[in-house]
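In: Need coordinates for the below:
(one chain, ligands or ions: 2)
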Amino acid sequence: MLPFFFCVRPVRRGRAWGRQVKPAVFLDRDGTLNVDVGYLDRHERLALFPWSLDSIRLLRRAGYAVVVVTNQIGVARGMVDERFIEDVYQFIQARLGDIGEQLDGHYYCPHEPSALIKAFRVDCDCRKPKLGMVTRAARDLGLDISRSVVVGDKWSDIGLARAAGARGVLVRTGYGRSQEHMPVDGLAADSVVNTLMDAVSWILRHPPAGVR
Ligand SMILES: [Mg+2]
Ligand SMILES: [Zn+2]
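Out: Ligands and ions are numbered 1, 2, ... in the order given. This next block holds a predicted model:
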């Protein structure tokens, strides 16, 4: 069993010293990149939205690093194997590779304070809306969080954006449509849109300073 602090795996390792920091788009996975089927635990149940790969391509061509940050509580509950989370990530990377693209990073939180599996019974700092995955990505990849955007289908994604001092876009895929009608006090998305591709359109229309 991997200890909890190995839960994050940057694509490119090493610190960002000496590299120019760039903005990122932090993407939720289930309900944002792929159909949310509850606990995604096997390949036959994985379906990327038809616009997901092109969305990532457009963001990267606009100068954003694209990083997946996903809560995977199914691991803590013994319902999802960590190796399968890695498989999903490799599948997405392979599909992106077909069009000459890639994700810049992939981080997941397998923890739950009341987890069935002891190794994941951690009151961690990385379960969204907590900041851990974003701060680690920023450190690993050299990212400017203040110029970044979080896109997801839950208020925890928007909460993460707020906690990070980034902007947050709620998509109506996955849980988004119901979340939109269950507002959380003190939490507002910068934009609520139908799909990840619409989020990309919004992001490209609202660039922070310094994006090439
Ligand atoms: Mg989601
Ligand atoms: Zn965690």
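
In: Quick check: chain neighbours aside, which residue is closest to Leu96?
Out: When the adjacent residues along the chain are set aside, Leu96 lies closest to Gln102, with 5.1 Å between them (CB to CB, 6 or more residues apart in numbering). To be clear about C-beta, it is placed using only N, CA and C from the backbone, and glycine gets the same treatment.

In: per-residue pLDDT, the one you found?
Out: What the model reports for Gln102 is a pLDDT of 98.

In: how many neighbours does it have?
Out: By the measure other CB atoms under 10 Å, the count of residues near Gln102 is 17.

In: in terms of contact, does it touch Gln93 like I think?
Out: Yes. Contact status for Gln102 versus Gln93: in contact at 5.8 Å, counting by CB atoms under 8 Å.

In: number of nearby residues for Ala137?
Out: For Ala137, the neighbour count with other CB under 10 Å is 25.

In: Just checking the distance from the strand of greatest length in the chain to the centre of its chain.
Out: Assignment by DSSP state E gives strand 65-71 as the longest strand of the chain. Going by CA atoms, centre = their mean, to the nearest Å, the spacing between the C-alpha centre of strand 65-71 and its chain's C-alpha centre is 3 Å.

In: now check the helix or strand just after it, is it near ligand 2?
Out: Moving toward the C-terminus from strand 65-71, the first helix or strand encountered (DSSP states H and E) is helix 73-76. No. Contact of helix 73-76 with ligand 2 (CB under 5 Å from the ion) is absent, the minimum separation being 8.7 Å.

In: For the helix or strand hosting Ser201, which helices and strands make contact with it?
Out: With secondary structure defined by DSSP H and E, Ser201 is part of helix 196-205. With contacts taken as 3 or more CB pairs under 8 Å, 6 or more residues apart in numbering; DSSP states H and E, helix 196-205 sits against helix 52-61, strand 149-152, strand 167-171, strand 191-193.

In: ok, now with 6 Å
Out: Helices and strands touching helix 196-205, as assessed by 3 or more CB pairs under 6 Å, 6 or more residues apart in numbering; DSSP states H and E, comprise helix 52-61, strand 167-171, strand 191-193.

In: tell me the mean pLDDT over the second one?
Out: The average pLDDT within strand 167-171 is 98.

In: now it, how far from the chain's geometric center?
Out: Strand 167-171 has its average C-alpha position 12 Å from the chain's average C-alpha position, going by CA atoms, centre = their mean.
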